[in-house]
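>>> sequence? don't have it. structure:
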């Protein structure tokens, strides 16, 4: 209800003129996705290193050892730069970490993501994370504790940058014209208006006044309650609705049947109102 | 109230099969790529997508079945990204990048490229003069570890030897080339990324590059080896310095746009600058790869100074022709039918 709660839904109009109402990915999901990617990168790098060391110890051929060093250097470079590029250029526009978190990269203006978007987005990662990380790891030639501390502060600023803007943009996102949105794959859950199929409608007849007790918000809460099928909750909700609309339960009336019937009837009533241009938000909304 | 036939329920029952079909096709396309789908399926996706979008509009206006609305929103967004996201195949995209995007972006940065070049030259000249006057300057101007014995204390013979270091360790070449490529690529990326601080660190880095160059020349010229050093450096240096200069130019472009966005919103101007410089930087990596190969392999195999200069001049002409010769803009969205 209160205005304090931020709205994460963004208008996103397709060329067909329909608003897709994309949702900005929460910071926690972004962070988790990055951690996952970092773990994958470190894991692969460790595996590559162990492989190269074992292979080098095994062979005595000078050229083979040098080839391994080349392999290791190129592997490091590819991991650091190509990993994000290649995955984000794929049709799903997401690294494995982002896929696991069900988020993806999209262009803010609704156009197709181009290679240059992705490149600009990931080139900035260099100063956001890798540059200061290098300061932390490398400890020779004048790179001292003060510089390492500065690097840490620097990374901290950039890591938290998304928290200080409305669209949770990383510096790279800002520059590349991209944002990261939620891309869930949802199953189609069954319709909860099953009453017309299983209960003879004559047994449950609600007057308009009884149906006007609630609005869309309550209807959707009821949909959740019915979907969960938790006996205690069902009983409680059924009792409260009966009391509110003054319903006298018949003999052996099941709470489930009553709520199913009331849900279907309420939905029909509210949908009819929508057809004439009235969307009744909640029970306090005037009929 | 006698007939409880929910229109929204009927609506859902009539269209559900189409939505499920779209969902199946999307899952296959995401998993296996468009190449594995039959032509019929590929043609069906846009049709089913538009049907789903229209269902979503209708459902928003007439249905209160939240499971349905959530499902349709997720399905439409997923389909939208597949239908509009990948307009061209990867190879078409790469071809277009080389034929048009890359040179056009480099051309757009003409002013910044000149500025970066000027800073490089300034650094080189100043360092050259300083080291010529007082060789001790060399140690302050040259990053430690980069000179590898090429300092004012070295004898003419040992300096000459560093220029002809081909010898028998040809196996090391590939390691060296790889290392140079990855190292330079990281330096170029920093130069670009630091442009965000209004280009000041970028200018500083570029100045340092010039200083290292000038200081090295001063040391070798003092021993009468300037010409040989030129061949040794420029065989790959033309490509490498051009790449580093372009990276700095890209950094300046970002910094300049950030400071002076013009009449547009700062964010919008930045996005344009970001895309343009993104293309340039992608090209810079390719140039550095070429430079690494020239430095690690060609320089070790070709030890004659005139031949080195010839390669240096050729690479300079080729890069300039590639970037600055005028060319026609390709048609946008030129995808053509999918070939099988």
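Arrived safely. Source: prediction; values computed, not measured. Numbers count the residues shown, from 1 in each chain, chains lettered A, B, ... in the order given.

>>> from here on, just use CA atoms for contacts and neighbour counts.
Fine.

>>> how about the helices in chain B?
B:7-32, B:39-62, B:66-85, B:90-96, B:102-108, B:110-133, B:137-141, B:156-163, B:171-193, B:200-222, B:226-259, B:266-293, B:299-301, B:305-324 (DSSP state H).

>>> ok, the fifth one near chain A or not?
It stands for helix B:102-108. No. Helix B:102-108 does not reach chain A (C-alpha under 8 Å from any C-alpha of the partner chain); its nearest approach is 10.0 Å.

>>> which parts of that helix are buried?
Residues B:102, B:103, B:104, B:105, B:106, B:107 are the ones in helix B:102-108 that count as buried (16 or more other C-alpha atoms under 10 Å in any protein chain shown).

>>> pipe those into a markdown table and attach pLDDT per row.
Output for the buried residues of helix B:102-108, formatted as a markdown table (pLDDT from 0 to 100):
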| residue | pLDDT |
| --- | --- |
| B:102 | 89 |
| B:103 | 91 |
| B:104 | 90 |
| B:105 | 90 |
| B:106 | 93 |
| B:107 | 92 |
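
>>> biggest separation within these, which pair?
B:102 and B:107 (8.7 Å; C-alpha to C-alpha).

>>> overlap in contacts of those two?
residue B:323 (C-alpha atoms under 8 Å, 6 or more residues apart in numbering or on different chains).

>>> list phi and psi for the most centrally placed residue in chain A.
Nearest residue to the geometric centre of chain A (C-alpha atoms, centre = their mean): residue A:182, 3.6 Å. Residue A:182 adopts backbone torsions of phi -80, psi 140, taken as degrees, to the nearest 10.

>>> check it and give its pLDDT.
For residue A:182, the model assigns a pLDDT of 92.

>>> that one reaches residue A:104, doesn't it?
Yes. Using C-alpha atoms under 8 Å, residue A:182 makes contact with residue A:104 at a distance of 6.4 Å.

>>> coming back round to it: tell me the spacing between the residue nearest to the centre of chain A and residue A:110.
Applying C-alpha to C-alpha, to the nearest Å, the value for residue A:182 to residue A:110 is 15 Å.

>>> again, but for residue B:64
28 Å.

>>> check contacts around residue B:150.
B:159, B:162, B:216, B:219.

>>> ok, what's across the strand from the residue nearest to the centre of chain A?
residue A:103 (DSSP bridges).

>>> next, give phi and psi for residue A:105.
Dihedral angles for residue A:105 - degrees, to the nearest 10 - are phi -90, psi 140.

>>> number of residues surrounding it?
By other C-alpha atoms under 10 Å in any protein chain shown, 24 other residues sit near residue A:105.

>>> hang on, it packs against residue A:95?
No. Counting by C-alpha under 8 Å, residue A:105 stays clear of residue A:95, with 9.4 Å between them.

>>> joint contacts of the two?
residue A:88.

>>> ok, residue A:55 - contacts?
A:65, A:68.

>>> where's it, which helix or strand?
Using DSSP states H and E, residue A:55 sits in helix A:27-58.

>>> can you mark which positions in that helix are buried?
Result for helix A:27-58 [16+ other C-alpha under 10 Å]: buried residues A:29-31, A:33-34, A:36-37, A:41, A:45, A:48-49, A:52, A:56.

>>> centre of the chain to it, how far?
Centroid separation between helix A:27-58 and its chain, computed with C-alpha atoms, centre = their mean, to the nearest Å, is 25 Å.

>>> same thing with stretch B:259-279?
Counting by C-alpha atoms, centre = their mean, stretch B:259-279 comes out at 17 Å from the chain centroid.

>>> contacts for that stretch?
A:115-117, A:119-120, A:123, A:174-177, B:97, B:101-102, B:105, B:198, B:250-251, B:253-254, B:257-258.

>>> now for residue B:308, how many residues are close by?
22.
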